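Trainee: no sequence for this one, just the structure:
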């Protein structure tokens with residue numbers, strides 16, 4: 001990979017981390033600074049002197065099977081009805097790229113009424129960000145009365161578009 005492409009990847013990663021931290025309500029985003037210099041496209045990255053470092057290493061992340069959802073229940077809040085979803089330990093810790101969809105299917109199997117516009121997007125936002133920023137958050141609360149918004153707005157509102165967190 002060219003150094004310029006690598007620098008662009010680093011800038012993108014730092015930006016994503018800063019957006020994630022800011023979206024989840026911590027002040028740490030103020031401490032993240034993107035690199036201000038980039039290597040020219042003509043510069044190259046020297047090969048590694050350690051062959052083991054460049055070879056693929058097996059993942060040490062354990063496979064964490066479902067169920068990913070411990071419980072869910074409807075409650076009435078100031079913003080209206082809210083589906084409170086409590087993840088299992090595996091649901092909090094799993095890193096499989098398909099686990100979020102599997103967890104959403106668990107929600108719909110237990111509560112088909114959750115399949116309304118915007119609910120999956122709220123769930124996906126909590127699945128992606130709440131698990132990283134606040135892994136022990138007691139429940140993820142999804143409200144069917146919240147507006148359907150763009151992914152950027154979903155992140156900017158900390159997964160709670162249209163009003164305060166419940």
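Mentor: Sure thing, it's come through. None of the values given here were measured: they were computed from a predicted structure.
Trainee: Could you use CA atoms for every contact and neighbour count after this?
Mentor: Will do.
Trainee: mind listing the strands for this protein?
Mentor: Under the criterion DSSP state E, the chain carries strands at the ranges 69-77, 80-87, 140-142.
Trainee: and the chain, what are its domains?
Mentor: Taking automatic domain parsing as the reference, the chain has its domains at 3-46, 69-156.
Trainee: which of these has the lowest average pLDDT?
Mentor: Comparing mean pLDDT over the domains of the chain, the weakest stretch is domain 3-46, at a mean of 37.
Trainee: in stretch 101-116, what counts as buried?
Mentor: Within stretch 101-116, the residues scored as buried using 16 or more other C-alpha atoms under 10 Å are 102-104, 106-107, 114.
Trainee: now swap in stretch 69-85 and tell me
Mentor: In terms of neighbour count (16+ other C-alpha under 10 Å), stretch 69-85 has its buried residues at 69, 72, 82-85.
Trainee: Ok, stretch 114-124 next?
Mentor: Using 16+ other C-alpha under 10 Å as the burial criterion, the residues of stretch 114-124 that qualify are 114, 118-124.
Trainee: try stretch 126-143
Mentor: Buried, per 16+ other C-alpha under 10 Å, within stretch 126-143: 126-127, 129-131, 133, 139-143.
Trainee: next one: stretch 158-166
Mentor: When burial is assessed from 16+ other C-alpha under 10 Å, stretch 158-166 yields the following buried residues: 158-161, 166.
Trainee: for the residues you listed, which one is nearest residue 64?
Mentor: Within the buried residues of stretch 158-166, distances to residue 64 taken as C-alpha to C-alpha reach their minimum at residue 159, with 25.1 Å.
Trainee: Spit out the contact partners of that closest one.
Mentor: Going by C-alpha atoms under 8 Å, 6 or more residues apart in numbering, residue 159 touches 122, 125-126.
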